[in-house]
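Chemist: sequence and predicted structure are below.
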Protein chains: 2
Amino acid sequence: MNPRVLEIAGSLIRKVAARKRPTSIDLGLGEPTLLPNPAHLDFAMQRVAERGLKYSHNAGDPELREAIAHYYHYPELNRLGNVCVTTGSQEAMYVTIKTLLDPSQDELLVVEPAFPAYVKMAALEGVACRTVEMLEDDGFAFDADRILAAVTPATRAIVICSPCNPTGRIIGRAQAKALIDGLAGHPKKHVWLIHDEIYREQTFVEDAAYLAETYPYTIVTNSVSKSNALTGLRLGWILAPESFVEHAIKTHAWITSCADTFAQAVALHIFTTLEGVREHAPWYREQRRAVVEALDDAELPYVAPDGSFYVIVRLPEGTSSIDAANELIDRHDVLAIPGVAFGPSLEGWLRCSWVAPAERVREGFARIAEYCAAKVVT
Amino acid sequence: MNPRVLEIAGSLIRKVAARKRPTSIDLGLGEPTLLPNPAHLDFAMQRVAERGLKYSHNAGDPELREAIAHYYHYPELNRLGNVCVTTGSQEAMYVTIKTLLDPSQDELLVVEPAFPAYVKMAALEGVACRTVEMLEDDGFAFDADRILAAVTPATRAIVICSPCNPTGRIIGRAQAKALIDGLAGHPKKHVWLIHDEIYREQTFVEDAAYLAETYPYTIVTNSVSKSNALTGLRLGWILAPESFVEHAIKTHAWITSCADTFAQAVALHIFTTLEGVREHAPWYREQRRAVVEALDDAELPYVAPDGSFYVIVRLPEGTSSIDAANELIDRHDVLAIPGVAFGPSLEGWLRCSWVAPAERVREGFARIAEYCAAKVVT
């Protein structure tokens, strides 16, 4: 078999999550608990009744591609040819890494702490991958100088997830400008930025930078999974310069042919409906307020989330995050994800999602606080 | 960018198909024209209303995996652990090739004429690929001796599409036995057979061999696309020994996470409904009868299809299949696919699908006969 596949280890996140009991308070979950708006699905059913469920173009339904490009309206990326519709943002990222990087010479730089998929995808493709760690003392804020210092002549692309899973940080406008200015002076032209915008509609600060607005070598990946509680629909997209998208479409075509036409119709309705991808945003804003209040009440050390639906919580000095996650599920019936799953820089932290009902999340933090207090005493 | 992606040429099939006019008789189309049974979609909508649209396990909903394994009931492949649900049979094949073959040493052998995807996928993965041509004089019948003679010590897997796109031939029991017996004596153990069963429910002869029934190193790929007129749903699967499936699941997980949960619910209803994947089979059987009659009436030379919804038609000696396809669309308003798109062995032939209404298909063949007659005269 392919040695690159054999070498892939199982997912630590899934391994921990599998220990959940029916009674557990779930702060591990990486998907919304809201139900999707049935109007979007009804529209898709209507379409199927009229047209059946045929293949679309490889790159997706032209109407949907246009709607996505128009909605985000990034300069130079606002046309149909800038969009390739994919099987969730996972395939969007996979196709991007596979298409963009030449395994014989290019290197991918991942800003950590990070969702493990980027590094695993690069490994699967035989693409060299390095990581650059943001600093704990700085609350894991995006730091342009640190990122630029990690760029080598082989660096072909940098992955930035903002709002960030797991830290909840966003890259602000000043850091984005510093990063982009720095890349312009880089000896190897066209270091690409891959902006994973999957938590875009869970942004709680005004200063969020959208890299595609100012840097022409930006590839955006996103989906309706988190914005519209449609993780299971597997409907995402790549939004990028046409010169890149035309090749990404070929990769995508041989991997999956096209995205599910039913899912594409659901997404078309979302993008042509008034609230669209923003329809759940008020719920997250209110939930974040309640979550921060609960964290303060529990007196837990945490990094206030700029976006996403996660918060990282500091464990007492010297506590292994895997041990903590195991002990929390065993003794306190709370599921949280060990920080080390997102890179060594997040060891000593837990990633807690806060999509469960606010009272459950509050109780979960209280139990984590209890666990931490006992830890400090022992 | 990745040079393997840059080198991929556009699809000849799609290039020809793009020339179709609204008035054209479409014998090019590779998807059913029937509408799907709405009961399957209604069931999925009901599920979504109850449960939302969440991620499934990477390998798919356990209930669906079990239903698929039980339905086909291949010995040793009849359990949940033998199934990985994928984004159509395209991803099933892609994941299979990517997982099974080590690009540094393994070779894929493709039995031609063949759907171009297998060779393109191998190229995308940097996997060496050879083809073995079935003989025109033999009506492109599957020939175990020819296949075995093409096996080298590097051959790790052989792709067989039966019923075959484009030829409509099936591999019969005698040839399957000869092939499997021959592989058992091969110095390199475990040459895998990848059986693309996508046209399984369009089988019109009694003698069809199902390789997984007798050869333990068989990987089956399939989907509900062709059987249930659900090409756009992108719901397929890998059915294989668990020792392979466990690694295929990892590859699949990093490419697409999981198949669309809505699509999985549609498939679950199909597999737990009386007619299930066979519900459209009677239509194809009747259509095939009408098609063969029309071909005979048109006095076209063709290979009688054992299965699939294609028939290959012989062009007059010396006619380029690309020229013929272009001239047919330009002068006769008929879309058919040039044989050379499926490998050099099918040059001089056209692949005609017969999913359009029977009277349209009959008219299409009459026009092709007219074209051929004029060609012979000139």
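Modeler: Okay, I see it. Numbering: from 1, shown residues only, chains lettered A, B, ... in the order given.
Chemist: A strand includes A:Ile160, no?
Modeler: Yes: per DSSP: H, G, I helix; E, B strand; the rest coil, A:Ile160 lies within a strand segment.
Chemist: could you report the neighbour count for it?
Modeler: A total of 23 residues lie near A:Ile160 under the criterion other C-beta atoms under 10 Å in any protein chain shown. C-betas here are computed from N, CA, C, even on glycine.
Chemist: can you pull out the helices in the stretch 151-300 of chain A?
Modeler: Secondary structure of the stretch 151-300 of chain A (DSSP state H, counting those that start in this stretch): helices at A:173-184, A:242-256, A:261-271, A:281-298.
Chemist: deepest-packed of the ones you listed, please.
Modeler: Highest mean neighbour count among the helices of the stretch 151-300 of chain A (mean count of other C-beta atoms under 10 Å in any protein chain shown): helix A:261-271, with a mean of 25.
Chemist: which helices and strands sit right next to that helix?
Modeler: helix A:38-51, helix A:62-72, strand A:235-239, helix B:261-271 (3 or more C-beta pairs under 8 Å, 6 or more residues apart in numbering or on different chains; DSSP states H and E).
Chemist: which residues sit against the first one?
Modeler: It refers to helix A:38-51. A:228, A:230, A:261-263, A:265-270, A:273, B:36, B:38, B:41, B:45, B:48-49, B:262 (C-beta atoms under 8 Å, 6 or more residues apart in numbering or on different chains).
Chemist: ok, now the last one?
Modeler: Residues from elsewhere that reach helix B:261-271 (C-beta under 8 Å, 6+ apart): A:41, A:232-234, A:260, A:262-263, B:39-41, B:43-44, B:47-48, B:53-56, B:60-61, B:63-64, B:67-68, B:71, B:85, B:224, B:228, B:230, B:233-235, B:276-277.
Chemist: one more: stretch A:104-112?
Modeler: With C-beta under 8 Å, 6+ apart as the criterion, stretch A:104-112 contacts A:97, A:100-101, A:118-119, A:122, A:127-134, A:142, A:147, A:150-152, A:154-161, A:342-343, A:345-346, B:3.
Chemist: in it, what counts as buried?
Modeler: A:106-112 (16 or more other C-beta atoms under 10 Å in any protein chain shown).
Chemist: and which of these is nearest chain B?
Modeler: Chain B has its nearest neighbour among these in A:Asp106, at 8.4 Å by C-beta to the nearest C-beta.
Chemist: ramachandran angles for the closest one?
Modeler: phi -90, psi 150 (degrees, to the nearest 10).
Chemist: how about the nearest residue to whatever residue of the stretch 251-378 of chain A ends up closest to chain B, chain neighbours excluded?
Modeler: Here the residue of the stretch 251-378 of chain A nearest chain B is A:Thr261; by C-beta to the nearest C-beta that distance is 3.1 Å. Leaving aside its sequence neighbours, A:Thr261 sits nearest to B:Gly232 (C-beta to C-beta, 6 or more residues apart in numbering or on different chains; 3.1 Å).
Chemist: state the distance from the one you found to B:Trp354.
Modeler: Separation of B:Gly232 from B:Trp354 (C-beta to C-beta, to the nearest Å): 20 Å.
Chemist: ok, which stretches of chain A are strands?
Modeler: Under the criterion DSSP state E, strands of chain A are mapped to A:25-26, A:83-87, A:107-112, A:128-133, A:155-161, A:192-196, A:218-223, A:235-239, A:302-303, A:310-314, A:334-335, A:337-338, A:349-353.
Chemist: could those strands be laid out in JSON lines, adding distance to A:Lys375?
Modeler: What follows is the strands of chain A, written out as JSON lines (distance: least, C-beta to C-beta, whole Å):
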{"stretch": "strand A:25-26", "distance to A:Lys375": "18"}
{"stretch": "strand A:83-87", "distance to A:Lys375": "42"}
{"stretch": "strand A:107-112", "distance to A:Lys375": "25"}
{"stretch": "strand A:128-133", "distance to A:Lys375": "25"}
{"stretch": "strand A:155-161", "distance to A:Lys375": "30"}
{"stretch": "strand A:192-196", "distance to A:Lys375": "33"}
{"stretch": "strand A:218-223", "distance to A:Lys375": "38"}
{"stretch": "strand A:235-239", "distance to A:Lys375": "40"}
{"stretch": "strand A:302-303", "distance to A:Lys375": "16"}
{"stretch": "strand A:310-314", "distance to A:Lys375": "12"}
{"stretch": "strand A:334-335", "distance to A:Lys375": "14"}
{"stretch": "strand A:337-338", "distance to A:Lys375": "14"}
{"stretch": "strand A:349-353", "distance to A:Lys375": "12"}
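Chemist: most packed of the ones you listed?
Modeler: Of the strands of chain A, the one with the most neighbours on average (mean count of other C-beta under 10 Å) turns out to be strand A:83-87, with a mean of 31.
Chemist: quick one: work out the angle between it and helix A:242-256.
Modeler: 20 degrees (axes from the mean of the first three to the mean of the last three C-alpha atoms, to 10 degrees).
Chemist: skip the chain neighbours and tell me the closest residue to the spatially most central residue of chain A.
Modeler: Ranked by distance to the mean C-alpha position of chain A (C-alpha atoms, centre = their mean), the top residue is A:Ile198 at 4.6 Å. Distances taken as C-beta to C-beta, 6+ apart place A:Ser89 nearest to A:Ile198, at 5.2 Å, with adjacent residues excluded.
Chemist: with A:Gly30 instead?
Modeler: Take A:Gly30 and drop its neighbours on the chain: the residue closest to it by C-beta to C-beta, 6+ apart is A:Ser353, 6.2 Å away.
Chemist: just to check, that neighbour is in contact with A:Ile25?
Modeler: No: using C-beta atoms under 8 Å, A:Ser353 makes no contact with A:Ile25, being 10.9 Å away.
Chemist: quick one, phi/psi of A:Phe115?
Modeler: Note on A:Phe115: backbone dihedrals following degrees, to the nearest 10 are phi -60, psi 130.
Chemist: what is the burial count for it?
Modeler: Applying other C-beta under 10 Å, we find 22 residues neighbouring A:Phe115.
Chemist: can you check A:Pro3 too?
Modeler: If you count neighbours by other C-beta under 10 Å, A:Pro3 ends up with 11.
Chemist: residues contacting it?
Modeler: Counted by C-beta under 8 Å, 6+ apart, A:Pro3 has contacts B:102, B:104.
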